[in-house]
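Novice: No letters, just coordinates:
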């Protein structure tokens, strides 16, 4: 693996700051280093070890030709999650997780097909030739609405090989659907979360934007490495 994890960088980005001790989940005990005042401190050696397992896994998924779905719908993280996914040409969900995005393939495919069809017709002038300005505007608004909901997964080819979730509490719907389908989850898990549903637990602060950005950099770098090995797996 060429993606190297830097514990000092994790520390500087605040990945070690957990939640208040009153909000902790006992199953996170193995990942907690200590208490500072009334908050838990995450053991960054455990975070580094977790990344040393999760990153080669993401590389192998990308090398096999499967996609990695990036998920982060909280307002503070959605822009950086989208950027991380787009950088490595992977699907993403950064608006509300709509029930069935993974498990109700037929309905989702219908919506993404409609979106791509509208984009094509708006792009080639087909609708302008057949409809008046008001009707064309309505088509544009429909396309914009579908883009917000489904734009990140319009090029998702079937079931992803893995999903990356940067806040598993906020996006538990994504975790549940992935579990139903047996899709492995790489999740950033803070001290207040039950890690049981996450296959690759990356203990870390899910509130610090700098920390989330650093972890996303690691995840996207691992996917990029896999893409260069595509066909070798």
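Specialist: Structure's in. What do you need? Model, not experiment: these values are computed from the prediction. Residues are numbered from 1 along each chain as shown.

Novice: Do you have the strands of this structure handy? List them.
Specialist: 17-20, 32-36, 39-42, 68-71, 92-93, 162-165, 185-189, 200-203 (DSSP state E).

Novice: now for the fifth one, which elements pack on it?
Specialist: The elements that strand 92-93 packs onto, with contact taken as 3 or more CB pairs under 8 Å, 6 or more residues apart in numbering; DSSP states H and E, are strand 68-71, helix 78-87. Backbone N, C-alpha and C define where each C-beta goes, glycine included.

Novice: How far does it sit from its chain's centre?
Specialist: Per CA atoms, centre = their mean, to the nearest Å, the displacement of strand 92-93 from the mean C-alpha position of its chain is 6 Å.

Novice: Could you list the residues in contact with it?
Specialist: 69-73, 81-82, 85-86, 101, 152-153, 171, 174 (CB atoms under 8 Å, 6 or more residues apart in numbering).

Novice: Which secondary structure element of this structure has the lowest mean pLDDT?
Specialist: Here the helix or strand of the chain ranked lowest by mean pLDDT, DSSP states H and E is strand 17-20, holding a mean of 70.

Novice: Format the strands of the chain as TSV; extra columns: distance to residue 11 and mean neighbour count.
Specialist: Below are the strands of the chain laid out as TSV (distance: least, CB to CB, whole Å; neighbours: other CB atoms under 10 Å):
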stretch	distance to residue 11	mean neighbour count
strand 17-20	10	20
strand 32-36	11	14
strand 39-42	10	20
strand 68-71	24	28
strand 92-93	28	26
strand 162-165	22	27
strand 185-189	16	28
strand 200-203	13	25
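
Novice: Rebuild the ones you listed as a markdown table, extending it with distance to residue 55.
Specialist: Supplementary listing: the strands of the chain in a markdown table, determined by distance: least, CB to CB, whole Å:
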| stretch | distance to residue 55 |
| --- | --- |
| strand 17-20 | 22 |
| strand 32-36 | 22 |
| strand 39-42 | 18 |
| strand 68-71 | 11 |
| strand 92-93 | 18 |
| strand 162-165 | 11 |
| strand 185-189 | 9 |
| strand 200-203 | 9 |
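
Novice: out of the ones you listed, nearest to residue 219?
Specialist: strand 162-165 (5.2 Å; CB to CB).

Novice: Quick check: mean pLDDT of that closest one?
Specialist: If you average the pLDDT over strand 162-165, you get 98.

Novice: go on, stretch 119-136?
Specialist: 88.

Novice: Quick check: buried residues in it?
Specialist: Residues 121, 127, 136 are the ones in stretch 119-136 that count as buried (16 or more other CB atoms under 10 Å).
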